[in-house]
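Chemist: quick one: sequence plus predicted model below, questions after.
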Amino acid sequence: MRIIVWNCQGLGNPETVRFLKQTLASKSPNMVFLCDTRLDKRKAEDVRRRMNMAGQLVVEKNEEGLGLLLLWDEDTKVSLLSLSKSHIDVEVLRDDAQFRFTGMYGTCKRPNKKEDWALLDLLKTKSDLPWLVGGNRRGFGFVAA
């Protein structure tokens, strides 16, 4: 299973979309989590089609920009567990392997950091599957299993 996690800082720029398409063509991921997309549902659907991915879950941009997008290929089955303006939480099944993936976009604002950790504490109680968390927190990316 190949997963790409990227804070794209907006997918409105054609060069950024081109870079994403080239990266997906060279790496052939089964799933892609993009944070800070700054997209609405219509534009996210356009990105999904251009990236030749079979499925998507979208958290639309808000007043701060942001926005999340999870894409997956036709051989990957994804079941939504929960989502919010800062996360997408799913169960993933591929080739008889099942796990949980949570994509997050954490805040840099000090008062809200506790909320980010509280969300993870809550989410960890929701499934016994192996769990992969990826995203962006405080200006640096992270992946935790």
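Modeler: Here it is on my side, so go on. Residues are numbered from 1 along each chain as shown.

Chemist: which residue, other than its chain neighbours, is closest to residue 39?
Modeler: residue 67 (5.1 Å; C-beta to C-beta, 6 or more residues apart in numbering). The C-beta positions use only the backbone N, C-alpha and C, and glycine is treated the same way.

Chemist: repeat that for residue 73.
Modeler: Sequence neighbours aside, residue 30 is the residue nearest to residue 73 in space, at 5.1 Å (criterion: C-beta to C-beta, 6+ apart).

Chemist: returning to that earlier point: you'd agree the residue nearest to residue 39 is up against residue 33?
Modeler: No. Using C-beta atoms under 8 Å, residue 67 is not in contact with residue 33; the gap is 12.0 Å.

Chemist: from the centroid of the protein, which residue is nearest?
Modeler: residue 33 (2.8 Å; C-alpha atoms, centre = their mean).

Chemist: partner residues bridging that residue?
Modeler: residue 5, residue 70 (DSSP bridges).

Chemist: surely it meets residue 5?
Modeler: Yes. At 4.8 Å, residue 33 counts as touching residue 5 under the criterion of C-beta under 8 Å.

Chemist: anything in contact with each of the two?
Modeler: The contact sets of residue 33 and residue 5 overlap at 103, 134-135 (C-beta atoms under 8 Å, 6 or more residues apart in numbering).
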